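# the amino acid sequence is not available; the structure is as follows:
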């Protein structure tokens, strides 16, 4: 399900353990200054990548977790874009591509009960956009849901099939 957008090729990587993609992503993260401890097992979380020619220029990751404040499971979503290709909508494009991959996975694995993506916005590049409680671009719609203890915004992208279960609707 590779997709070309402009001069980038987007490739799925979710649960594929593709050695070439893992190698490229680990190199990308190391060149970006992530420590080996930060990289750790994140290779198992790779969702999708974007290449410009032979160069990996963006990667997304996701990991399933339960959020007690939302009383639901989400995929913690991250996206990293190489500095020299930022401000070109690449994060939005990769995120829209990743959303399709993760939503399809969630439909096939309904027993996991993942309702969507949760994103901790750790950049200040979208300051104006962060004032909007709902941001949408390319079919990727982020809803503001709160703040972390360190003051970063939390945003949720709901899957089309998301539905709160009884535990979330009627607390114990």
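Cool, the structure landed. It should be emphasised that the depicted structure is a prediction, and the values quoted were computed from it without experimental measurement.
# report all helices and strands that the longest strand anywhere in the chain contacts.
Longest strand of the chain, by residue count under DSSP state E: strand 55-67. Where contact means 3 or more C-beta pairs under 8 Å, 6 or more residues apart in numbering; DSSP states H and E, strand 55-67 is packed against helix 19-31, strand 46-52, strand 72-81, helix 90-108, strand 114-121. (Glycine included, C-beta is placed from N, CA and C.)
# list the buried residues for the fourth one?
Within helix 90-108, the residues that count as buried by 16 or more other C-beta atoms under 10 Å are 90-99, 101-103, 105-106.
# which of those sits closest to residue 63?
In terms of C-beta to C-beta, no member of these lies closer to residue 63 than residue 102, at 10.8 Å.
# quick one, what contacts that closest one?
Residues near residue 102 by C-beta atoms under 8 Å, 6 or more residues apart in numbering: 14, 47, 62, 75, 77, 114, 117, 159.
# where does it land on pLDDT?
At residue 102, the model reports a pLDDT of 98.
# name the helix or strand of this structure that has the lowest mean pLDDT.
Least confident helix or strand, the chain: helix 166-169 with a mean of 66, by mean pLDDT, DSSP states H and E.
# what's residue 36 sitting at in phi/psi?
phi -60, psi -40 (degrees, to the nearest 10).
# and the closest residue to it other than its chain neighbours, how close does it get to residue 73?
Ranked by C-beta to C-beta, 6 or more residues apart in numbering and with sequence neighbours excluded, the top spatial neighbour of residue 36 is residue 30, at 7.9 Å. Distance of residue 30 to residue 73, given as C-beta to C-beta, to the nearest Å: 31 Å.
# neighbour-wise, which of the two wins?
residue 73 (17 against 13; other C-beta atoms under 10 Å).
# check contacts around residue 47.
12, 13, 14, 60, 61, 62, 77, 98, 101, 102.
# out of those residues, which is nearest to residue 23?
Comparing these against residue 23 with C-beta to C-beta places residue 13 closest, at 11.8 Å.
# is it true that that closest one touches residue 49?
Yes: counting by C-beta atoms under 8 Å, residue 49 is a contact partner of residue 13 at 5.7 Å.
# looking at the two, which one has more neighbours?
More neighbours surround residue 49 than the other of residue 13 and residue 49, with 25 against 22 (other C-beta under 10 Å).
# pick out the residue closest to the middle of the chain.
Closest to where the C-alpha atoms of the chain average out (C-alpha atoms, centre = their mean) is residue 77, at 3.1 Å.
# ok, that one to residue 61 distance?
7 Å.
# and residue 48, by the same measure?
9 Å.
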